[in-house]
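>>> sharing a model that was predicted from the sequence below.
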Amino acid sequence: MDVWLVHHPWRCYVKNIDGIVFLVDSSDIERFPKARCELHTVLSSEEFAKVPVLVLGNKIDCPAAVSEEYLRYALGLGATTGKGLMTLNVGVRPIEVFMCSVTGRCGMGEALRWLAQYM
Ligand SMILES: Nc1nc2c(ncn2[C@@H]2O[C@H](COP(=O)(O)OP(=O)(O)OP(=O)(O)O)[C@@H](O)[C@H]2O)c(=O)[nH]1
């Protein structure tokens, strides 16, 4: 079972994956447009159509970090499939946003448990 951390240039090394973790620096507003573009490339890729996508807004400990709501807006994410344990209809690709701080060790557990349920 494979989970790949999507990071530029991700196209070079992704195939046969079971889950995608899309990590965004939530304090780096200037790069949101680029992140949005990359995310939507991933979401619209035929090869990943059924792969669960975990969007992680990292660095929430930074004063410049935006809220989850703003990050969703900036990334152009509409409705997501829901946090917690979910039973989704067949054919629905799981996608959800979680905020975290990798260095502050917060938020990652819930996010990875969410992803693991679909793998
Ligand atoms: N404050 C804070 N720093 C973090 C967190 N996670 C990672 N970092 C730090 O961020 C630094 C590297 O992150 P970035 O510069 O965003 O990552 P990068 O992908 O290597 O570089 P870029 O492609 O230029 O963004 C390291 O010093 C990490 O310790 C976090 O949750 N909070």
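Sure thing, it's come through. Residues are numbered from 1 along each chain as shown.
>>> where exactly do the strands run in this protein?
Per DSSP state E, the chain carries strands over the ranges 3-6, 19-25, 53-58, 95-99.
>>> buried deepest among those, which one?
Of all these, strand 53-58 has the most neighbours on average by mean count of other CB atoms under 10 Å, namely a mean of 24. Yep, even glycine has a C-beta here, placed from its N, CA and C like the rest.
>>> using CSV, list the CA coordinates for that strand.
Taking C-alpha atoms only, strand 53-58 is exported to CSV below (Å, rounded to 0.1, in the frame of the first residue of the first chain):
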residue,chain,number,x,y,z
VAL,A,53,-7.1,13.0,-1.3
LEU,A,54,-6.0,14.4,2.0
VAL,A,55,-5.4,18.2,1.8
LEU,A,56,-3.2,19.2,4.7
GLY,A,57,-2.9,22.9,5.7
ASN,A,58,0.4,22.9,7.5
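>>> Provide the strand pairings for that strand, with the direction of each partner.
Note on strand 53-58: by DSSP bridges, its sheet partners are strand 19-25 (parallel), strand 95-99 (parallel).
>>> got a markdown table for the strands of the chain, with distance to the ligand and mean pLDDT too?
A markdown table is the format used below for the strands of the chain (distance: least, CB to the nearest ligand atom, whole Å; pLDDT from 0 to 100):
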| stretch | distance to the ligand | mean pLDDT |
| --- | --- | --- |
| strand 3-6 | 10 | 58 |
| strand 19-25 | 5 | 96 |
| strand 53-58 | 5 | 97 |
| strand 95-99 | 10 | 98 |
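>>> out of those strands, nearest to Tyr70?
strand 53-58 (9.3 Å; CB to CB).
>>> what's the separation between the residue most central in space within the chain and Val90?
Closest to where the C-alpha atoms of the chain average out (CA atoms, centre = their mean) is Val55, at 1.4 Å. According to CB to CB, to the nearest Å, Val55 and Val90 sit 23 Å apart.
>>> what about Trp114, how many residues nearby?
Neighbour count of Trp114, defined by other CB atoms under 10 Å: 20.
>>> tell me the contacts of the nearest residue to Ala64 once chain neighbours are set aside?
Using CB to CB, 6 or more residues apart in numbering and skipping residues adjacent in sequence, the residue nearest Ala64 is Ser27, 4.1 Å away. Contacts for Ser27 (CB atoms under 8 Å, 6 or more residues apart in numbering) come out as 59, 62-66.
>>> kind regards, and thank you for your time.
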